[in-house]
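[1] Generate coordinates for the sequence data below:
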Amino acid sequence: MRPAMVEYDVPVGELSLSVRDHAGEPPPVVAMHGLASNARWWDLVAPLLAPRRLVAVDLRGHGRSSRPESGYDFDSVAGDVHAVADALDLGPRVAIGHSWGASVALCWAAADPLVRAVVCVDGGVGDVRGFFGSTWDEASVAMRPPELRGIPESTLGDWVVRSGLAGDGDPAEAARILRGNFEESPGGGLQPRLAVDRHMQIAYELYHLDGAALFARVRVPVLFVLAQRGVHDARAAAVSSVLAALPAGSGVRWIEGLHDLPVQRPREVAAATTEFLSALGI
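    As a prediction, the model looks like this:
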């Protein structure tokens, strides 16, 4: 049976961050979504982690949380999550993040001794510069999202089908989760909750993140749960190199699927996470 979920706001300085708190036992799993996404991205994983508690956070600028004009660097965003965990008196905790959220989770773990382990779901490792361009001027064009206004709500269902976001699950449920990325547009229809200028602030931080320096600061085991992109995934060598420098107990799990594994392959993500934490005695 799906654990009870309560959605509420947590004051963090001048901001208010929204969380989706899926009831369960400690130590809690604190979940971070990807760029331009929202906390609903973990709705399908949460019940599969039962009896563990999962607290999913709408990161600043996203979902129902405050949308300040600045503060989208990794230290600020990770600091927000740290403040939420402390405000909720979560005690020892596990960090799990998807895509951009995986890097946020690693930054948080590097600064918070109460984080016992990190799970990075299709994020946290890889060559952003090699993928988007050798200079920021070039990458900023590739990473810039389209200006979307007045999107019919029915379009979300079409996107779910075309992208395969639902995997083997319910397309209507996947569309509901995707709906959390959008808000009503003044002229009718929908528009993204995350403004383009804030999206690009995050893109800039992602592009310039020094992954090697970050991993050198992480002192807890890390599990990479990655979408398998072909027989010879280009990230395999990078993952092997990173794992060699991480604490004992770290590992990787490859899953056949697309980037949005928490929605498309929730059972596999939950199983990999559970096995990882059980092996660590967490």
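[2] what's the helix or strand for A105?
    Applying DSSP states H and E as the criterion places A105 in helix 100-111.
[3] Give me the contact list for that helix.
    Applying C-beta atoms under 8 Å, 6 or more residues apart in numbering, the contact partners of helix 100-111 are 31-35, 37, 59, 74-75, 77-79, 81-82, 95-97, 115, 118-124, 202, 206, 209, 214-215, 217-220, 222. (Each C-beta comes from the backbone N, C-alpha and C, glycine too.)
[4] Report the mean confidence score over it.
    Across helix 100-111, the average pLDDT comes to 98.
[5] following it, which helix or strand shows up next?
    Sequence-wise, the next helix or strand downstream of helix 100-111 (DSSP H and E) is strand 115-121.
[6] picking up where we left off before, ok, and for the helix holding A105, which residues are buried?
    W100, G101, A102, S103, V104, A105, L106, C107, W108, A109, A110 (16 or more other C-beta atoms under 10 Å).
[7] In PDB, list the C-alpha atoms belonging to the helix or strand of the chain with the lowest mean pLDDT.
    Within the chain, no helix or strand scores below helix 128-132, which has a mean of 84 by mean pLDDT, DSSP states H and E. Extracted in PDB, the C-alpha atoms of helix 128-132 (Å, rounded to 0.1, in the frame of the first residue of the first chain):
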ATOM      1  CA  VAL A 128      28.900  18.200 -19.700                       C
ATOM      2  CA  ARG A 129      31.400  20.300 -21.600                       C
ATOM      3  CA  GLY A 130      32.200  17.500 -24.000                       C
ATOM      4  CA  PHE A 131      28.500  17.000 -24.700                       C
ATOM      5  CA  PHE A 132      27.300  20.600 -25.000                       C
END
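[8] And for that helix, what's in contact with it?
    With C-beta under 8 Å, 6+ apart as the test, helix 128-132 has contacts from E138, A139, A142, M143, L206, Y207, L209.
[9] tell me the contacts of the residue of the chain most remote from its centre?
    In the chain, the greatest distance from the average C-alpha position (C-alpha atoms, centre = their mean) is reached by G187, at 30.3 Å. Neighbouring residues of G187 by C-beta under 8 Å, 6+ apart: R149, G150.
[10] Relative to I151, how far out is it?
    Using C-beta to C-beta, to the nearest Å, G187 is found at 11 Å from I151.
[11] before we move on, what about L59?
    In terms of C-beta to C-beta, L59 sits 22 Å off from I151.
[12] From the neighbour counts alone, determine which of these two ranks first.
    A direct count of neighbours by other C-beta atoms under 10 Å for L59 and I151 places L59 higher, at 29 against 16.
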